[in-house]
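Participant: next comes the sequence, and after it the predicted model I'd like to discuss.
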Amino acid sequence: MIIFSLVLNTAIFFLVLNFSYIKKKRENPSYPDKPVSQLILFPLALGVVFTLIVDVFRGFMLYQLLIFLLAALLLYWIFYVLKKS
């Protein structure tokens, strides 16, 4: 899943950041070349960072849901199971 997110995010950043350059280069082949760092490396870095941030937040959300579930089970056990005995 992380690999798919990384590929998707990188492709989206690549298309968004290079759309006008690709369009101008297609219309005019003598248009000056863009440096590799701006053409490939910057969208790749943004894709990696965005993927890591989103996956970390997803992990925090699952961790918080697990803590909430454990707290709910503990409260249920304290108020309903122990009250009956």
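Facilitator: Right, received. Where do you want to start?
Participant: how about D55: what's its closest non-neighbour residue?
Facilitator: Ranked by CB to CB, 6 or more residues apart in numbering and with sequence neighbours excluded, the top spatial neighbour of D55 is I2, at 6.0 Å. For glycine as for every other residue, the C-beta is placed from the backbone atoms N, C-alpha and C.
Participant: where's that neighbour relative to T51, distance?
Facilitator: From I2 across to T51, the span is 7 Å (CB to CB, to the nearest Å).
Participant: compare the two and say which is more crowded by neighbours.
Facilitator: T51 (19 against 11; other CB atoms under 10 Å).
Participant: contact partners for that one?
Facilitator: I2, S5, L6, N9, T10 (CB atoms under 8 Å, 6 or more residues apart in numbering).
Participant: can you say which of those residues are buried?
Facilitator: Those of the contacts of T51 that meet the buried threshold are S5, L6, N9, T10, by 16 or more other CB atoms under 10 Å.
Participant: quick one, longest helix in the protein?
Facilitator: In the chain, assigned by DSSP state H, the helix with the most residues is helix 42-76.
Participant: report the distance from it to the chain centre.
Facilitator: 11 Å (CA atoms, centre = their mean, to the nearest Å).
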